[in-house]
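# Quick one: sequence and predicted model below, then my questions.
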Amino acid sequence: MAGRICLIKSVISAIPLFYLSIFKAPEFVYKSIISIQQRFLWGWGKEKRSISWVSWEDVCKPKEEGGLGIRDIRRFNYALLAKWRWRIVSEEKGRWKDLLVSKYGMNLDRSLGPVKFQSWWWRDLQKVCTEGEGGGWFHNQLVWKVGGGEKVNFWEDVWIDNINLKSLYPRLFSLSLDQGLMVIEVGEWVGAAWRWNLRWRRDRFEWETLLETNLVQLLSRVSLLKDQKDVQMWGCDGLGSFSVNSAYDCLAKQARSLH
């Protein structure tokens, strides 16, 4: 059994690695690969159909959770493709990225652009990274380290305490006149000091004023830095740098939470 598990991880899962790192596989390819893995694990490679004693979902769980640590091929494909998405939203430069920018003529980390102008590869990449709740599993793991505040959306991006202010203070968001603005637009520099300037549609009720006080206290912990760029970080592993393993773990946790 240990030998078969080792071969599944190092051979059967590794053979399609190159293609899975570039293209989103069709559903029947996922099912075919999983079928081969199951037959080899439970049937010793025999052609006859064998009994699967444990569900494949449990087999793919980490060893710490009672599984065998075999990677789910679909999630692995998604994690590999997410690396391209990370390279797009990060500061990495390259001709391939310049080509995408010139082709779609847009800010690649915020807009999808007209569907009719998108290649199949680009559509698949967008689909893979936007699945799940909210903005998608990939977007939900992106956090900002604020510099000058020119790229960070004040209410909707994650830049304080690993949660966006829109979700943390939904009532204040509904009253705000600063919806859609960047951090740099919700305040001003007074000499060398930064001062927040929150604007509201109306006067707040007493309980809303308490929420505003809490928000101001939270904002006081952040110091903007002139002439420094905002840096996007990968928040899944707490280290800030993207890795395929952390993306796979993120997808696996999301799947277990849904079940």
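Ah, there it is. Numbers count the residues shown, from 1 in each chain.
# what about the helices in the stretch 101-250 of the chain?
120-130, 165-168, 170-175, 206-219, 244-258 (DSSP state H, counting those that start in this stretch).
# and the fourth one, what does it pack onto?
Just to be clear, that refers to helix 206-219. helix 170-175 (3 or more Cβ pairs under 8 Å, 6 or more residues apart in numbering; DSSP states H and E). For every residue, glycine as well, the C-beta is placed using N, CA and C.
# Output the helices of the stretch 101-250 of the chain as a markdown table; include the columns mean neighbour count and mean pLDDT.
Below are the helices of the stretch 101-250 of the chain laid out as a markdown table (neighbours: other Cβ atoms under 10 Å; pLDDT from 0 to 100):
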| stretch | mean neighbour count | mean pLDDT |
| --- | --- | --- |
| helix 120-130 | 16 | 85 |
| helix 165-168 | 17 | 93 |
| helix 170-175 | 15 | 95 |
| helix 206-219 | 13 | 94 |
| helix 244-258 | 17 | 84 |
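# Show me how far the helix or strand harbouring residue 81 is from its chain's centre.
In this assignment (DSSP states H and E), residue 81 forms part of helix 73-89. The chain centroid and the centroid of helix 73-89 are separated by 9 Å, computed with Cα atoms, centre = their mean, to the nearest Å.
# I'd like the average pLDDT over it.
What helix 73-89 shows for mean pLDDT is 91.
# Tell me which of the helices of the stretch 101-250 of the chain sits nearest to residue 34.
Closest approach to residue 34 among the helices of the stretch 101-250 of the chain (Cβ to Cβ): helix 244-258, 14.6 Å.
# Now tell me what touches that closest one from outside.
60-62, 71-72, 75-76, 78-80, 82-83, 132, 137-138, 141, 234, 236-237, 239 (Cβ atoms under 8 Å, 6 or more residues apart in numbering).
# how about the closest residue to residue 124 other than its chain neighbours, secondary structure?
Leaving aside its sequence neighbours, residue 124 sits nearest to residue 24 (Cβ to Cβ, 6 or more residues apart in numbering; 3.8 Å). Following DSSP: H, G, I helix; E, B strand; the rest coil, we place residue 24 in the coil state.
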